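*Asks:* here is the input, now give the coordinates:
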Amino acid sequence: QVQLVESGGGLVQPGASLRLTCKLSGRTLDYDNIGWFRQAPGKEREGVSCFGGYGDYTRYAESVRGRFSVSWDKAENTMYLQMNSLKPEDTGVYYCAIPIMCDSEGGRPVYAEDYWGPGTQVTVSS
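*Replies:* Numbering: from 1, shown residues only. Below is the predicted model of the structure:
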């Protein structure tokens, strides 16, 4: 049974940093892509970043490029999202998902069968 569990969210002030964790169980990454999405109150879900399992490449949405960094720990079967210089507009519920398609805006869910975590809340406020 494939499962994803996010953690690491919280309430921080603008300019602070957080590191989110997405633990994958029930399968390994193999050559699939895995990524982060977020949904702010009253807005549609959007792609944030993607890690490509074939070639270990990364993609980011323009809004987070230069501030966020995604990585994959093969030994731990875990994806991380290091978020620096957080802004109030980064507030939302952050989800990880597999498999996804990586694109120029992070990633998109395109497969009929994919898996999502329950999400972790990130709130950036003074």
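*Asks:* for the one residue sitting closest to the centre of the chain, what are its contacts?
*Replies:* Taking CA atoms, centre = their mean as the criterion, W36 is the residue nearest the geometric centre of the chain, at 2.0 Å. W36 makes contact with 20, 22, 47-50, 70, 79, 81, 94-96, 106-107, according to CB atoms under 8 Å, 6 or more residues apart in numbering. Any C-beta I mention is one placed from the backbone N, CA and C, and that applies to glycine too.
*Asks:* where does the protein dip in pLDDT?
*Replies:* Of all residues in the chain, none has pLDDT under 70.
*Asks:* stretch 112-126: end-to-end distance?
*Replies:* Length of stretch 112-126, first residue to last, CA to CA, to the nearest Å: 40 Å.
*Asks:* what do you get for stretch 77-94?
*Replies:* Across its full length, stretch 77-94 reaches 18 Å between end residues, using CA to CA.
*Asks:* identify the residue spatially nearest to the residue nearest to the centre of the chain, adjacent ones excluded.
*Replies:* Distances taken as CB to CB, 6 or more residues apart in numbering place V48 nearest to W36, at 4.2 Å, with adjacent residues excluded.
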